[in-house]
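I'll drop the sequence and a predicted model, then ask my questions.
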Amino acid sequence: MPTKTERELVERILLLEAEQLKRRAENKLSYYNTGEKVHLKQLAFHRAPKRNRWVFGGNRSGKTECGAVEAVWMLRGNHPYRKNKPGVKGWAVSVTKEVQRDVAQAKILSYLNPQWIERITMSEGSRDFPEGGIIDSIYVKNVFGSVSALSFKSCQQGRECFQGASLDFVWFDEEPPEDIYEECRMRVLDTSGDVFATMTPLKGLTWVYDKIYLNPASDPEIWTSSMEWADNPYLSAEETKRLSAVMTAEELEARRYGRFRAESGLVYPEFDVSVHVIEPFEVPKEWQSAVSIDPGLKNPLSCHFYAQDYDGVIYVVGEHYRAGLDVGTHAAAIKSLADELDWVRRSDGRLEALIDSAATQHTLASVKSVAELFFENGIAVNVNVNKDLFTGISRVRRLFAERPPAIYIFNTCVNLIRELKGYWWGKGDVPVKRDDHALDELRYYVMTRPEKSVPAPRPGRTAEYKNKLLRMHRIGRK
C-alpha cells in the first residue's frame, strides 16, 4: 500500500500532467508540425510564396488543418514564412453555415488561444459558447498591438454578399461557385492579398479543374498541391488500409488521393506535380539527349528539349509551344531556345530533332514538306519515330511510377504539365484526342531515346548536379 508521501507525489504528477495538457490545448498553434511527426505537404503549402494556393486533398488528409493554421497565422501577424502586417482582415468561406460551424469555425477556434480573442460576434447562438453557434466575426489580437478580423461567409448567401469589402486574404474551405471565387479575387486586389483553398474534388471536372488545376492561362501566382492519406503522419496505417479495402476505385480517387476524375479516368494518374515538377537547374552538357517536335500550324506546335543523366533519368528542360505560326517562325524560336540552353548542334550548324512522320506531308501553302521546310530553316528532323500509342503510354506511365522518379519536368514547361494533368481516357480505351500535342512528342522521345553508356569514372560535375537534385527532392524543395 502506497505511503502518504507516495500518494502526494502521484497527485502532484497528475496535476502537472493536467496543467501541461491544458497549456498545450490553449497553445495548439505552437505545437503545429513540431516534434517527431511532421506533415511535409502542409509545410510546403505554408512555404509556397504564391498568392493563389489550392490544396486538393482527400478526407482526413490534413488539408483543412493547414488552411485554418494559415488563417490564424495571418490574423496574429506571426506567419513564419510570409511578410506580416497589423490589422489583417480576412474571410473564411464555407459551403453552408452548418459546414462552417462543424469544420472551418471549429478548426479556427482550436488554434486560437482564448487570450488572443478580443471579441466574437454571433449570427446564431451565444458568445459564451461560440462552438455551438454560428460565428459572424472573430476579432483577434495581433502581435503588432492591433486587432485583426476574420468574418465567416457561406456560399448559400450568394454573390451579392461577397461584394464591397477590401481584404488581406480569403480562405475557401471546400470548392466555391465560380462567381463567388471571382468576387473574392476582387476583394484582395487592392491589398495584393492572398486567396487559398482546401478542398476535396468530389464534383468532378468543374471550373476549378479547368481554371485552377490545369491553369491554361499559365497564371504564375497559382500554386496547387495534392494531399492523400499517406501524406498525413497522424493517420493510422492499419486504418487507412482497412478503409481503402472497402472503397471503390472511384471513391479512392477523390476521398483518399484528392484527385479530380472523369468517368473514364486519367491516362497518366502516376504523374504528380509535387514529385515530378522541379525548379530548373543548369544541365550538364553531357546530359543533352534530344529535341522532339509535334508539328502544328493552326494547332499548337509542341517542342521540348530532353536531357538524360547516366542513371537513365529523363529531364524535360525546355519548351516551345505556340499555335498559328509558320515553320520559319517556329524554327527561329526553337533555335533561340537552343541557344539559351547551349544545346549541341551538328557539324553543319543545324539542330537535330525528332518529329512526327506526318511532317513528310506537303502543306497546302508549299510544295515542300514540313520536314524539308524545317531543314531549310536550320533544323534537321528525323521522321523515323515510333508512334505506337499504347506501348508509348505504357512506357511513359512506368517512368512516372518509378521511385525515385525516372523523369523530372522543369516547371517552365507549363504546357506539358497542363496536358499531363488533363489527359483522359475516352470511349473504346482510347485517349480523348484533345490537348495532346506535348504528350505525343514526349512519347516519340521515350520510344526512341538513345541509351547512355556509363563512363568510368563519372565526371565530378555531373555527379555534383545529380546529388544536388536528389537533395532538393528529399527535402521537398519542388
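Done, it's in.

now the strands: where do they sit in the stretch 101-250 of the chain?
117-124, 134-141, 147-154, 169-173, 194-199, 222-227 (DSSP state E, counting those that start in this stretch).

Tell me which helix or strand comes right after the host helix or strand of residue 390.
According to DSSP states H and E, residue 390 maps onto helix 389-401. Sequence-wise, the next helix or strand downstream of helix 389-401 (DSSP H and E) is strand 407-410.

Within the sheet, what are the partner strands of that next one, with directions?
Partners of strand 407-410 in the sheet, by DSSP bridges, are strand 277-278 (parallel), strand 314-322 (parallel).

Name the residues of stretch 356-372 that come out as buried.
356, 359, 369, 370, 371, 372 (16 or more other CB atoms under 10 Å). To be clear about C-beta, it is placed using only N, CA and C from the backbone, and glycine gets the same treatment.

One more: stretch 125-134?
130, 133, 134.

right, so the strands paired with strand 407-410: which one is the most enclosed?
Ranked by mean neighbour count under mean count of other CB atoms under 10 Å, the strands paired with strand 407-410 are led by strand 314-322, which reaches a mean of 21.

Would you mind identifying the next helix or strand past it?
helix 327-340.

The next helix or strand after that next one to helix 327-340, inter-axis angle?
Heading C-terminal from helix 327-340, the first helix or strand you meet, by DSSP H and E, is strand 351-355. Counting by axes from the mean of the first three to the mean of the last three CA atoms, to 10 degrees, strand 351-355 points 120 degrees away from the direction of helix 327-340.

Relative to the whole chain's centre, how far out is strand 351-355?
Averaging C-alpha positions (CA atoms, centre = their mean, to the nearest Å) puts strand 351-355 32 Å from its chain's average.

Paired strands for that strand, with orientation please.
Paired neighbours of strand 351-355 in the sheet (DSSP bridges): strand 288-294 (parallel), strand 379-382 (parallel).

In CSV, list the C-alpha atoms belonging to the longest one.
Provided in CSV are the C-alpha atoms of strand 288-294 (Å, rounded to 0.1, in the frame of the first residue of the first chain):
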residue,chain,number,x,y,z
GLN,A,288,21.8,16.6,-73.5
SER,A,289,19.8,13.9,-75.3
ALA,A,290,17.3,15.0,-77.9
VAL,A,291,14.8,17.6,-79.1
SER,A,292,11.3,16.3,-80.0
ILE,A,293,8.6,18.1,-82.1
ASP,A,294,4.9,17.5,-82.7
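
what helix or strand is the closest residue in space to residue 416 that isn't next to it in sequence on?
Spatial nearest neighbour of residue 416, excluding adjacent residues (CB to CB, 6 or more residues apart in numbering): residue 438 at 4.2 Å. Assessed by DSSP H and E, residue 438 sits inside helix 437-448.

what does that helix contact?
289-290, 292-294, 296, 299-304, 306, 314, 316, 319, 321, 354-356, 384-389, 391-393, 395-396, 399, 413, 415-416, 419-420, 423 (CB atoms under 8 Å, 6 or more residues apart in numbering).

Throw together a PyMOL command that grabs the buried residues out of these.
Buried subset of those, written as a PyMOL selection, criterion 16+ other CB under 10 Å:
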select buried, resi 289+290+292+293+294+296+300+301+302+303+304+306+314+316+319+321+354+355+356+385+392+393+396+399+413+415+416+419+420+423
